[in-house]
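1. Next input, structure requested:
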Amino acid sequence: MDAAHIRNFSIIAHIDHGKTTLSDRLLHRTGTVATRDMEAQLLDSMDLERERGITIKAHPVTMLYKAKNGETYELNLIDTPGHVDFTYEVSRSLAACEGALLIVDAAQGVEAQTVANVHLAMKQNLTIIPVINKIDLPHADIPQAKRQLEDILAIPAETAIPASAKEGIGIEEILEAIVERVPPPKPTGAPGLQALAFDSLYDTYKGVITHVRVFNGELKAGMNIKLLHSGKNYEVKEVGSFNPKPYVRAKLEVGETGYMTANIKTAAEVKMGDTITDARHPSGVLPGFKEVHPMVFSGIYPINTADYEHLKQNMAKLQLNDSAFAYSAETSVALGFGFRCGFLGLLHMEIVQERLRREYGMDIIATYPSVVYRVTMTGKDKTVKEVDNPAFLPDVTHIEKIEEPMVRAYIICPNEYIGDMMALVSEKRGTLDHTETLDPKRVMLHNLVPLGEILIDFHDRIKSLTRGYGSMDYEHADYQESDMVKLDMLVNNEPMDAFSSIVHRTKAEGRGRALAEKLKEVIPRQQFQVKIQAAIGGKIVASESVSAFRKDVTAKCYGGDVSRKRKLLEKQKEGKKRMKSIGNVNIPQEAFIEVLKT
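-> Residues are numbered from 1 along each chain as shown. Predicted coordinates:
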C-alpha cells in the first residue's frame, strides 16, 4: 500500500463514552471481522477488560476500506483506554498516529478526561475528528454537546459527526471523514529505516512481540536492526499486522503499523518509545514520549514464600505488557521476601494485582499504598532522600522537613454540587484554586490536593456525592512541605512493619484507632493479654487489647474464706505476667490479609 492511501488514527474519549463499541462497528463495517465472528468489545481481549467494561491496553488493528471515490485505503486504528491511570498508554498510541477520533457522549457531554486527552492530541499536532456518540439515547442533548465542543475544547461544532455506535448510525460518515481529513503519513527523509516501538507483549514461543509504527524506510523479515536505546542488534524473524488477530506480512512500509518479532528474550531490552533502525545504515532518533514515573507504591508479597522466584518471573512478563509498572526486591519482617512495586494510580495497582492473580495464578498479598516523599536531612549538606516505604523513613531527629507530592485535580460537576465538592477537597487537605463555568449547568473546579489523600476513595466519593455526574482528572504538580509523621503499629510492644504508614499529623490518630480496632478483631487470643498500640515516635495515640484465655481457677472453691480465692487469682496473674514477658504473638497470614484489605 502506498503511503498516500494509509491513514493512522486512534480513538480518544472519557471512560465509558463508547470507544470500544465504535471500534467494533468500524471493524464490522470494513469487513475486517466477519459477522459470524463478531462479539461485543472485540478488541478488549482480557477477561478483566470485559468484566469491568474498561479498556486497559491499547489495541492496534489494520482495516482495509473501499471509500466512495472507489479507492481502497489502509486504516490503522489504535483503540485507547479512557481512565486517568492509563494516560501513558494514550500518549504512546497518539505518538504513532496522524489523527484522532474524539468521542463525546451526547448525554453526558465533555468530561474531565475528554479535556485531558484532547490536550494530549493537540500537543502531538494531530487532526481531531469530533464524534458525538449515543445520539439514540432518549436524553441525548446534541446541541449542548456541540456547544461544549466549541466553548471548552475550541473545536468547531460543524465538524462534529453525530453517530450511534450501538445502532450503527454515522459509521459511514466517520470512515469517510478519516479518509478525507486525516493526513497521510509522510516519510521523515532519514537515510534508512526509522520505526517507533510503541507497545510490546510477551509470547512464550516467540519471545517479545514489539508493536511498531514505521516512519521511514521498510521493515521486513531477515533484516538486521538496531535498537537505539539499548544499542543492541537483532535479526527480524517476522513482521505482520493485526486484524484483530496477528497475521504475517512480507514487509511493513512507510506509515504502516504492525508488529515485529526478533530474538529478543527479556523485557528490559525493548524500551517503549525506542527507535528501531537499520543496523548497517543507522538513522537518527525519533521523538518518543515522556518517561513516566510511578506515583503510587505498594509492597507485593507471595502468600507462600516458596513462590518468590515464580512471582519474580511473572512480574518481568507483566512489565513487558505494561511498561508503566516498576518493581524492585524488598524484605519485610512480617511478610518475608517480596517486591516494592510502583504504579500510576490506584486502578492501575488494582489491575496489576488482579492480573498477577488471574493470568499468572499467583497467590499474593499487598501492603498499604504510599507515595514518594522527599525528606531533607539535618546537617551541613542538607541531603534530600526520596522515601517510598515507611520502613526507610529516617529518625525524627535527623529530619529537617518532609515534602509530599501534590496533584492538580480538575473536577467537573453540576452546579448544585459545588458545596459538596469543596467540602470533600478541604477534607482531603486540598485547596481550591479557582472555578470555571463550562456551561449553564456545570462547573470545573481547579484544585491542589496531596496525592496521598486522593489514593483510596477520592474518585468513588466524587461519584457518590454527585450521583455519578462528577468526573475528575489529575496531573502531577510539585512537592509541598507538610507535617508528615510515621505511624507505627505495635503488637505486644513489637513494631509490625507491614502496617506502618506515613500520614499527616492531623489524620494519624484516626487512622491509628481504625487500624488498632481492626487488628483487635483479627489477632487470635493468646494465653496472655496482647496489647495493640498505634504510636508516633514514643507517643501512643491509640490502644486496644486482646484479652487472654483464662482458666477458672476459683471453680474448686465453694464458699470458704475470700483470701483463698484471692491467692489463687494472684498466682494466676503472676503466671500470665511471666508468660507475657517471654511469649511472642504469632500473627497468622490471614490476619495480615484482612487488615491490608481495609
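
2. Met377 versus the residue nearest to Leu445 when sequence neighbours are not counted, what's the distance?
-> Closest residue to Leu445 apart from its sequence neighbours, by CB to CB, 6 or more residues apart in numbering: Ile411 at 4.6 Å. Bear in mind the C-beta positions are built from the backbone N, C-alpha and C, glycine included. Between Ile411 and Met377 the distance is 36 Å, computed by CB to CB, to the nearest Å.

3. Neighbour count for those two, which is higher?
-> The residue with more neighbours, out of Ile411 and Met377, is Ile411; 27 against 14, by other CB atoms under 10 Å.

4. so who does that one touch?
-> 112, 421, 425, 444-445, 447, 462, 470-472 (CB atoms under 8 Å, 6 or more residues apart in numbering).

5. For the stretch 301-450 of the chain, which segments are assigned as helices?
-> 308-321, 346-358, 418-427 (DSSP state H, counting those that start in this stretch).

6. Could you say which of those helices is packed most deeply?
-> helix 346-358 (a mean of 19; mean count of other CB atoms under 10 Å).

7. Can you point out the helix or strand that includes the residue nearest to Gly168 when sequence neighbours are not counted?
-> The shortest distance from Gly168 to any non-neighbouring residue, by CB to CB, 6+ apart, is to Arg25 (5.9 Å). Taking DSSP states H and E as the definition, Arg25 sits inside helix 19-29.

8. now swap in Gly559 and tell me
-> Gly559 belongs to no helix or strand, assigned by DSSP H and E.

9. Relative to Lys565, how far out is it?
-> For Gly559 relative to Lys565 (CB to CB), the value is 10 Å.

10. who's more crowded, the two?
-> Lys565 (13 against 6).

11. Helix, strand or coil: sort out the more buried one for me.
-> Following DSSP: H, G, I helix; E, B strand; the rest coil, the label given to Lys565 is helix.

12. from now on call the first residue 42
-> Taking 42 as the first residue, the last one we looked at is Lys606.

13. Just to check, it is in contact with Cys598?
-> Yes - contact status for Lys606 versus Cys598: in contact at 5.4 Å, counting by CB atoms under 8 Å.

14. Listing request: residues of the stretch 242-391 of the chain with sub-threshold pLDDT.
-> Low-confidence regions of the stretch 242-391 of the chain, defined by pLDDT under 70, span residues 307-309, 328-334, 361-364, 374-375.

15. Surely Leu489 is in contact with Thr472?
-> Yes - using CB under 8 Å, Leu489 makes contact with Thr472 at a distance of 5.2 Å.

16. Looking at those two, which one has more neighbours?
-> Using other CB under 10 Å as the criterion, Leu489 and Thr472 rank with Leu489 on top: 17 against 11.

17. List the residues that contact the closest residue to Cys382 other than its chain neighbours.
-> With CB to CB, 6+ apart as the measure, Tyr368 is the residue that lies nearest to Cys382, at 4.5 Å, once sequence neighbours are left out. Counting by CB under 8 Å, 6+ apart, Tyr368 touches 341, 356, 360, 380-383.

18. Tell me the one of these nearest Glu115?
-> Gln360 (31.8 Å; CB to CB).

19. and the gap between that closest one and Tyr368?
-> 7 Å.

20. Test of understanding: give the bridge partners of Lys107.
-> Thr113 (DSSP bridges).

21. I'd say it and Thr113 touch.
-> Yes - counting by CB under 8 Å, Thr113 is a contact partner of Lys107 at 5.1 Å.

22. which element is the residue nearest to Arg290 when sequence neighbours are not counted on?
-> Closest residue in space to Arg290, ignoring its immediate chain neighbours: Gly281 at 5.0 Å, by CB to CB, 6+ apart. Per DSSP H and E: Gly281 is located in strand 273-283.

23. Show me what the helix or strand that comes right after that strand is packed against.
-> The helix or strand immediately downstream of strand 273-283 is strand 287-290, counting by DSSP H and E. Secondary-structure packing of strand 287-290 (3 or more CB pairs under 8 Å, 6 or more residues apart in numbering; DSSP states H and E): strand 273-283.

24. Asp146 and Asp177, how far apart?
-> 12 Å.

25. neighbour count winner among the two?
-> Of the pair Asp146 and Asp177, Asp146 is the one with more neighbours under other CB under 10 Å, namely 21 against 14.

26. wait, what's in contact with the nearest residue to that one once chain neighbours are set aside?
-> Once flanking residues are discounted, Asp146 sits nearest to His58: 4.3 Å by CB to CB, 6+ apart. Taking CB under 8 Å, 6+ apart as the contact definition, His58 lies against 123, 144-146, 149, 152, 155, 174-175.

27. Does His58 fall in a helix, a strand, or a coil region?
-> From three-state DSSP, the assignment for His58 is coil.

28. gap between the residue nearest to Gly209 and Val172?
-> Applying CB to CB to Arg66 and Val172 gives a distance of 11 Å.

29. Lys278 too?
-> Where Val172 is concerned, Lys278 sits at a distance of 39 Å (CB to CB).

30. who's more crowded, these two?
-> Val172 (25 against 14).

31. Quick check, pLDDT for the more buried one.
-> Listed pLDDT for Val172 reads 86.

32. Can you check what angle separates the longest strand seen in the chain from helix 459-468?
-> Among the segments of the chain that qualify as a strand by DSSP state E, the longest is strand 440-455. Interaxial angle, strand 440-455 versus helix 459-468 (axes from the mean of the first three to the mean of the last three CA atoms, to 10 degrees): 170 degrees.

33. most remote residue from the chain's center?
-> Gly601 (70.6 Å; CA atoms, centre = their mean).

34. What separation is there between that residue and Leu609?
-> Gly601 is 11 Å from Leu609, by CB to CB.

35. cool, Gly296 as well?
-> Distance from Gly296 to Leu609, by CB to CB: 91 Å.

36. likewise Gly386?
-> 60 Å.

37. likewise Ile144?
-> Using CB to CB, Ile144 is found at 78 Å from Leu609.
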